[in-house]
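Visitor: sequence below, structure please.
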Amino acid sequence: MKNYLIFSNDEIFLKEKKFSSNSNDTVNIIESINKKFEIFLFSKNSKKKFSFYKKLQNKIIRLDYQKILSLKKQKNLKIFMISLTLRNFINFIIIMLFVGKIPGYLYLRSDGHKEYKKKIGFIGYLFYDLLLSFLKRNLEVISVSSKIYHSSKKMIIFPSELDNFWFLKRKKAVTTKSIKLLYVGRIKVEKGIFSLIKLLNNSNFDYKLSVVGGEKNFRESSKITYYKQVSEKKKLIKLYDDHNIFILPSFTEGAPKVILESLARLRPVIIFTEIKHVKLNLKGIFTCKRKSSSLEKKIHYILNNYKEIQKEMKKNTLPTRESFQKELINILDDKNQ
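Guide: Numbers count the residues shown, from 1 in each chain. The predicted model follows:
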């Protein structure tokens, strides 16, 4: 039986036969691997239990630097690195030095080249490329999109947390005087939320924007309403249902689960050209330029063709939590690997 050594940059709470994390995506990945394999875990330790809480199927052993030599005794051990971060890279080097070379996988959830470049300029781009080049010589790459990493092997898996609940009692369009727009995500510059607010302020149509999640660091107004992060599925679904259009204004994205959530509730999605790779040939996703006129034109097009668009969206076959976990296990359990 294979065991997996997981590197994660997220906070993970682990107690007896349960675990949780500040990242639902990470919970989904660990839950998938733990269904079939025992896990050794290198991550940030959290004493706080998060809302995403799961029972263990197999054993998870948390590692620290004092315990890594115990890995030498493990047979059929493989690595699974969740995202290329500096912390994960350093831990990987430590394992190589004290335990030896271990094969495995690097799972890329976002375009690190763009993210590092945005943070520290072109030096960041080169730095990330150097780290990635080193890891590619030791680990096989699984990616959420061929735009992030193109491999000759079919190792592209779009993560999803959708279950049957997301597809129940889907509602028709909301009818209001103002166009109801929704954003769900972190309130950071790279997520484009401030850019979106600026575009809307320069527009000439009546709208209401709801911003959900993260720490509020912008001014609310008669047109903009802020909600704290919503983790309860029922409340989150109601938010999607109460709006006309979902807008994801990010400058860079890997595999945004919010797009799948919006499509599952039959709410059209607008993205900007910087992240057009996330469309995945799904119906109901519309791309526009980062200009007020382009955004306004796209919104009016959607509203004027709403029924037809919803009808087409029903034809989508969306990735689900179950399909994601199945695809991941098929790769990790490949007898030829």
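
Visitor: would you map out the domains in this protein?
Guide: 3-160+321-332, 164-313 (automatic domain parsing).

Visitor: pLDDT on the longest one, on average?
Guide: In other words, domain 3-160+321-332. Regarding domain 3-160+321-332, the rounded mean pLDDT is 87.

Visitor: one step back: the domains of the chain into JSON lines, with extra columns for mean neighbour count?
Guide: Bear in mind the C-beta positions are built from the backbone N, C-alpha and C, glycine included. Below are those laid out as JSON lines (neighbours: other CB atoms under 10 Å):
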{"stretch": "domain 3-160+321-332", "mean neighbour count": "17"}
{"stretch": "domain 164-313", "mean neighbour count": "17"}
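
Visitor: now what about the longest helix seen in the chain, what contacts it?
Guide: The single longest helix within the chain, with elements called by DSSP state H, is helix 122-136. Applying CB atoms under 8 Å, 6 or more residues apart in numbering, the set of residues contacting helix 122-136 from outside is 81, 84, 86, 89, 92, 106, 112-113, 115-118, 120.

Visitor: stretch 157-173 now?
Guide: With contacts defined as CB under 8 Å, 6+ apart, stretch 157-173 is touched by 24-25, 28-29, 109, 142-145, 233, 237, 241, 244, 255, 257, 260-261, 264-266, 280, 306-307, 310, 318-324, 327-328, 331.

Visitor: please enumerate the strands of this protein.
Guide: For the chain, the strands defined by DSSP state E occupy 3-15, 18-21, 38-45, 52-55, 60-62, 77-82, 104-108, 140-143, 179-184, 207-212, 224-227, 245-248, 269-272, 285-288.

Visitor: distance check, the residue of the chain most remote from its centre against Lys67.
Guide: Centroid-distance maximum for the chain: Lys73 at 34.5 Å, with CA atoms, centre = their mean. Distance of Lys73 to Lys67, computed by CB to CB, to the nearest Å: 11 Å.

Visitor: just to revisit the earlier point, give me the subset of the contacts of stretch 157-173 lying in helices.
Guide: 24-25, 28-29, 233, 237, 241, 257, 260-261, 264, 306-307, 310, 321-324, 327-328, 331.

Visitor: farthest-apart pair in the contacts of helix 122-136, please.
Guide: Phe92 and Lys118 (23.9 Å; CB to CB).

Visitor: how near is the nearest residue to Asn88 once chain neighbours are set aside to Asn91?
Guide: Leaving aside its chain neighbours, Asn88 sits nearest to Phe7 (4.3 Å; criterion: CB to CB, 6 or more residues apart in numbering). Note on Phe7: its distance to Asn91, by CB to CB, is 6 Å.

Visitor: thinking again about what came up before, so can I have TSV of the strands of the chain showing distance to Lys169?
Guide: As requested, the strands of the chain are arranged in TSV below (distance: least, CB to CB, whole Å):
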stretch	distance to Lys169
strand 3-15	33
strand 18-21	28
strand 38-45	37
strand 52-55	24
strand 60-62	36
strand 77-82	34
strand 104-108	34
strand 140-143	34
strand 179-184	18
strand 207-212	21
strand 224-227	22
strand 245-248	18
strand 269-272	20
strand 285-288	23
